[in-house]
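Enquirer: Need coordinates for the following:
(one chain, ligands or ions: 1)
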Amino acid sequence: MATDLDHIYAESLTNLSLAGNTAELEAWYRETLSRKGRVYLLTRQMGQLEREARPAFGKRLNEIKQDLQEAYDGRLAEIKTAEMQAELNVDAIDVTLPGRPQLRGGLHIITQTLRDIYRIFGDMGFQIYRSPDVETDEYNFELLNFPPYHPAREMQDSFYTTQPDVILRTQTSPGQIRAMREYYPEPIRIIVPGMCYRNEQVTSRSEIQFTQVEGLAVGHNITFADLKGTLTEFARRLFGEARQTRFRASYFPFTEPSAEMDVSCFLCEGEGCQVCKYTGWLEILGSGMVHPNVLRNGGYNPQKYFGFAFGMGPERIAMLKYGIDDIRQFWANDMRFLQQF
Ligand code: DAH
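Expert: Reported below is the predicted structural model:
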């Protein structure tokens, strides 16, 4: 009997060492240690033994069971490690490979500039008004008091469409008429941001598309002092508290009187540098008191209402602020340029 035991023990150990993978190992367990396995079945034989032989047999059987269980556990761990190693060899992850960089999106420099402008005018009570990119000749020019012979109306300067009189807006100023017609008789304080289009020779200083921000204030008591105060405050908030402004007489068909606003050069503090062309001043925007004809075209009686308007180019502002010397960069979609901001 005892030899039987030791024989099974020895054979089981040998078989165990021959099991080369988890499936074979499971089979071995089923045949050996499970409730239907050889070792378990040996317990049944106990009954046939002499009474005094039983304790020794039982003891030996327990030892064997325990030994085999330990051997099995050890072999299982070995095989698992080997299998994992084999899998890693085939499906290897090279931990020394550099990771794939995650590209992080960012706001376009003009979007950032527009948001700066929105924030400042928003704080001063101006609302954003949206006006279409596609306009009629009437809104883009006529109602803004452009005389029929004005050079901007030439085919060469505007992008015309196949529809007669339908053009891409050359300026955001038609938003003034649209806002007035929508809001009459209420007072108005709006800015109109948007893309404008001009059929121009593309150079480092002019593009065929660019953004503008128009401004319009209409009310009963609006004077040129409001225009100067609002725009000077805007310049200080955008370019710094220390900025000075000056207004130069100018001409626009839709304003009378008209003025261009300069800010003291923030690069040289007015000393004179290349950017301000040694004048100490940077031209920032056009402005003026809304022309009576334009108020009338918007539905407002120019005897009772007054207004001021202004228009600026965010590209120009960004160029001055960041020292960009070529306007074509903005819409060229060159990541090397855009990623700098
Ligand atoms: N529309 C003008 C342009 O495109 C800019 C402008 C100047 C707008 C003076 C205004 C203004 O509202 O008052 O050049």
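
Enquirer: In the chain, which residue sits nearest the ligand?
Expert: Among all residues of the chain, Gly311 sits closest to the ligand, at 2.4 Å; criterion: C-beta to the nearest ligand atom. Just so you know, the C-beta spots here come from the backbone N, C-alpha and C atoms, and that holds for glycine as well.

Enquirer: Just the buried positions in the biggest helix by length in the chain, please.
Expert: Here the longest helix in the chain is taken by residue count, with DSSP state H as the criterion, and it is helix 54-90. Going by neighbour count (16 or more other C-beta atoms under 10 Å), the buried part of helix 54-90 is Phe57, Arg60, Leu61, Ile64, Lys65, Leu68, Tyr72, Arg75, Leu76, Ile79.

Enquirer: Could I get the contacting residues of the fourth one?
Expert: In other words, Ile64. With contacts defined as C-beta atoms under 8 Å, 6 or more residues apart in numbering, Ile64 is in contact with Leu5, Ile8, Tyr9, Val39.

Enquirer: Please apply the same query to the third one.
Expert: Neighbouring residues of Leu61 by C-beta under 8 Å, 6+ apart: Leu5, Val39, Leu42, Thr43, Met46.

Enquirer: Based on its surroundings, how many neighbours for Leu42?
Expert: In terms of burial, Leu42 registers 19 neighbours under the definition other C-beta atoms under 10 Å.

Enquirer: can you check Thr96 too?
Expert: Per other C-beta under 10 Å, the neighbour tally for Thr96 reads 5.

Enquirer: Where does it fall, secondary structure wise?
Expert: Of the helices and strands defined by DSSP states H and E, none includes Thr96.

Enquirer: same thing with Ile190?
Expert: Taking DSSP H and E as the definition, one finds Ile190 inside strand 188-197.

Enquirer: Strands along the stretch 1-150 of the chain, start to end?
Expert: Chain-ordered strands for the stretch 1-150 of the chain, with DSSP state E, counting those that start in this stretch as the definition, fall at 127-128, 134-136.

Enquirer: Could you export these as JSON lines, including mean neighbour count and mean pLDDT?
Expert: Listed next are the strands of the stretch 1-150 of the chain as JSON lines, based on neighbours: other C-beta atoms under 10 Å; pLDDT from 0 to 100:
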{"stretch": "strand 127-128", "mean neighbour count": "14", "mean pLDDT": "98"}
{"stretch": "strand 134-136", "mean neighbour count": "19", "mean pLDDT": "97"}
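
Enquirer: Would you mind giving those strands as a markdown table with distance to Gly270 added?
Expert: Converted to a markdown table, the strands of the stretch 1-150 of the chain look like this (distance: least, C-beta to C-beta, whole Å):
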| stretch | distance to Gly270 |
| --- | --- |
| strand 127-128 | 33 |
| strand 134-136 | 39 |
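
Enquirer: Would you tell me which of those gets closest to Thr279?
Expert: Taking C-beta to C-beta as the criterion, strand 127-128 is the member of the strands of the stretch 1-150 of the chain that comes nearest to Thr279, at 33.0 Å.

Enquirer: picking that back up, roughly how far apart are the residue of the chain closest to the ligand and Tyr72?
Expert: For Gly311, the distance to Tyr72 equals 86 Å [C-beta to C-beta, to the nearest Å].
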